[in-house]
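Asker: with the input below, show me the fold.
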Amino acid sequence: MSKVIIIGGGAAGMMAGVFAARNHHEVHILEKNEKLGKKVFITGKGRCNVTNACDTEELFPAMMSNPKFLYSSFYSFTPQDVMEFFEKAGVPLKVERGNRVFPQSDHSSDIIRALERELKKAGAKIHLHTAVQEIVKKPVTDSANTLESEATLTESGSDAGKGRKGKKSPDIPQEKITGVILTDGTFMEGDAVIVATGGFSYQSTGSTGDGYRFARELGLKVTDIAPSLVPLKTKEDYVPKLQGLSLKNTGLTIKNGKKVLYEDFGEMMFTHFGVTGPMILSASAHIGAKLAKAPNGELSAYLDLKPALTREQLDARILREFETGPNKQFKNVIGVLFPSSLTPVMLELGGIPAEKKIHDISREERQHFIDLIKAFPFTITGMGEFKEAIITRGGVSVKEINPGTMEVKKISGLYFAGEVLDLDAVTGGYNLQIAWSTAYLAAQAI
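Answerer: Numbers count the residues shown, from 1 in each chain. You can find the predicted model right below:
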């Protein structure tokens, strides 16, 4: 039995704690907040999109960073395993559009309580209001490790005739974990440490980048971090007029000049500064770097407000409306096509005077209006900040980590799991799946 210290009581930390404790280790979860799972509580608008009920191989296209690294994690603890875990833990689940999995209750608190129950049942100890200042390591001096290193070098033949027999291979840990120092100065001894501190998004939940600091202090590479799955800022003054308007079954196209960068279909919402919603958040994960390199830092975006209709079908639909009142004013006829808050903006941009009689509208004017419906324009000028980001892109470099165990290659007993790693995905339950799977693999490897 090993003494396992887990830094962070979020999704990855709790799941790692459950499985490490089930494996009869002495588990201590150190959480600096007053309760576990603060970020889990607000995910999925408080409903918690637990995972995505797709086949395991379908997870990889949803990954935005280092998908190959996750092969062992995902196949060791699949979406179906996650669903079975929570069902057995007393949380009935349901599958919604896009294979998104939620608790039937629509309460994220049920997921947190289930994990807390399983932690308690397995005997894990939870330490709230407990923050870590430093992870402590020491050089590996045991002869067994030296012999293993010699064997590795001899087998590879890399030292033949060079007189370097006995030099440690970079793949053999040269240091090992001894424990952690808390912010009050207390040293807590441990055989293994799992860092599950999360990223840098939603900092009010405790994700303040501690894991990156630990990694750097231990000599590990941390890639540049950036907010991801964020709302987008827009240029046009008519966008704030639509604040609060939510559109479902809408098409989105984002371009840099004539080059299409991203296309999607789904749900979005206008805000006082731009656009948000599931489709927009996923778009942000794809275009972040491209926006920074775009001319003037801007990208063109277009919404297809009637994606189910071809131009010809849409034209026929408009003509039917026109036929019901040829003497009516344009503004009094088109209202049936759009939500009430969108109609004034469509009149503003449509090129047809609001008071113009239907029988006076030309075919050319009608076609121009169809252009607007099929490609409602706005300009993306920026991304949301970390305080608005659902997840963090970037983190501890996966090159430092053994993908089959989540253990740091050069430090024995040190593991990383979840968002602290340079791993991220689009919306739909995929990011929590990363947390569950990497946590499970780390716990099983100890």
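
Asker: wait, Met279 touches Gly266, no?
Answerer: Yes. Look at Met279 against Gly266 with Cβ atoms under 8 Å: they come within range, at 3.7 Å. Quick note: C-beta positions are derived from backbone N, CA and C, even for glycine.

Asker: anything in contact with each of the two?
Answerer: With contacts taken as Cβ atoms under 8 Å, 6 or more residues apart in numbering, Met279 and Gly266 have 250, 252 as neighbours in common.

Asker: tell me where this protein is predicted with low confidence.
Answerer: The chain contains residues with pLDDT under 70 at 142-171.

Asker: which stretches of it form helices?
Answerer: Secondary structure of the chain (DSSP state H): helices at 11-22, 38-42, 71-76, 79-88, 108-122, 143-156, 210-217, 278-293, 311-323, 343-349, 363-374, 430-445.

Asker: mind putting these in a markdown table, distance to Gly179 and mean neighbour count included?
Answerer: Shown next, in a markdown table, are the helices of the chain (distance: least, Cβ to Cβ, whole Å; neighbours: other Cβ atoms under 10 Å):
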| stretch | distance to Gly179 | mean neighbour count |
| --- | --- | --- |
| helix 11-22 | 16 | 28 |
| helix 38-42 | 25 | 20 |
| helix 71-76 | 26 | 18 |
| helix 79-88 | 29 | 17 |
| helix 108-122 | 21 | 19 |
| helix 143-156 | 19 | 13 |
| helix 210-217 | 13 | 20 |
| helix 278-293 | 37 | 20 |
| helix 311-323 | 67 | 13 |
| helix 343-349 | 60 | 17 |
| helix 363-374 | 62 | 16 |
| helix 430-445 | 17 | 27 |
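
Asker: make TSV from the ones you listed and add distance to Leu242 to it.
Answerer: Listed next are the helices of the chain as TSV, based on distance: least, Cβ to Cβ, whole Å:
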stretch	distance to Leu242
helix 11-22	34
helix 38-42	25
helix 71-76	39
helix 79-88	36
helix 108-122	29
helix 143-156	63
helix 210-217	38
helix 278-293	13
helix 311-323	21
helix 343-349	6
helix 363-374	14
helix 430-445	28
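
Asker: nearest to Glu385, out of those?
Answerer: Set against Glu385 and scored by Cβ to Cβ, the helices of the chain come closest in helix 278-293, at 11.7 Å.

Asker: can you list the residues that contact that closest one?
Answerer: Helix 278-293 is contacted from outside by 64, 226, 228-232, 250, 252, 254, 256, 261-262, 264-269, 297-299, 380, 382-384, 390, 393, 424-428, using Cβ under 8 Å, 6+ apart.

Asker: out of these, which are buried?
Answerer: For the contacts of helix 278-293, a burial check counting by 16 or more other Cβ atoms under 10 Å picks out 64, 226, 228-232, 250, 252, 254, 256, 261-262, 264, 266, 268-269, 299, 380, 382-384, 390, 393, 424-428.

Asker: of those, which belong to strands?
Answerer: 226, 228, 232, 250, 252, 254, 256, 261-262, 264, 266, 268-269, 299, 380, 382-383, 393 (DSSP state E).

Asker: quick one: Met269 and Thr250 touch, right?
Answerer: No. With contacts counted by Cβ under 8 Å, Met269 stays clear of Thr250, the gap being 10.2 Å.

Asker: check contacts around Glu365.
Answerer: 351-352.

Asker: please apply the same query to Phe60.
Answerer: For Phe60, the contact set (Cβ under 8 Å, 6+ apart) comprises 67-68, 70, 74.

Asker: repeat for Cys48
Answerer: 40-41, 102-103, 107-108, 110-111, 432.

Asker: as a markdown table, these with distance to Gln80 would be great.
Answerer: Below are the contacts of Cys48 laid out as a markdown table (distance: Cβ to Cβ, whole Å):
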| residue | distance to Gln80 |
| --- | --- |
| Val40 | 20 |
| Phe41 | 25 |
| Phe102 | 16 |
| Pro103 | 17 |
| His107 | 22 |
| Ser108 | 21 |
| Asp110 | 19 |
| Ile111 | 17 |
| Leu432 | 14 |
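
Asker: among the residues you listed, which pair sits farthest apart?
Answerer: Across the contacts of Cys48, no pair lies farther apart than His107 and Leu432, at 15.5 Å, counting by Cβ to Cβ.

Asker: partner residues bridging Pro139?
Answerer: Note on Pro139: beta-bridge partners by DSSP bridges are Glu175.

Asker: from what I can see it touches Thr178, true?
Answerer: No. When contacts are counted by Cβ under 8 Å, Pro139 is not listed as touching Thr178 (10.6 Å).

Asker: from the centre of the protein, point out the most distant residue.
Answerer: Distance from the centre of the chain peaks at Asn327, with 52.8 Å (Cα atoms, centre = their mean).

Asker: so that one is in contact with His359, correct?
Answerer: Yes. Using Cβ under 8 Å, Asn327 is in contact with His359, at 6.6 Å.

Asker: state the distance from the residue nearest to Ser2 when sequence neighbours are not counted to Ala20.
Answerer: Nearest residue to Ser2 in three dimensions, chain neighbours excluded: Asp191, at 3.9 Å (Cβ to Cβ, 6 or more residues apart in numbering). Separation of Asp191 from Ala20 (Cβ to Cβ, to the nearest Å) stands at 11 Å.

Asker: what does Ile370 give?
Answerer: For Ile370, the distance to Ala20 (Cβ to Cβ) stands at 60 Å.

Asker: could you do Ala12 as well?
Answerer: Distance of Ala12 to Ala20, computed by Cβ to Cβ: 12 Å.

Asker: what's the answer for Tyr238, then?
Answerer: Using Cβ to Cβ, Tyr238 is found at 54 Å from Ala20.
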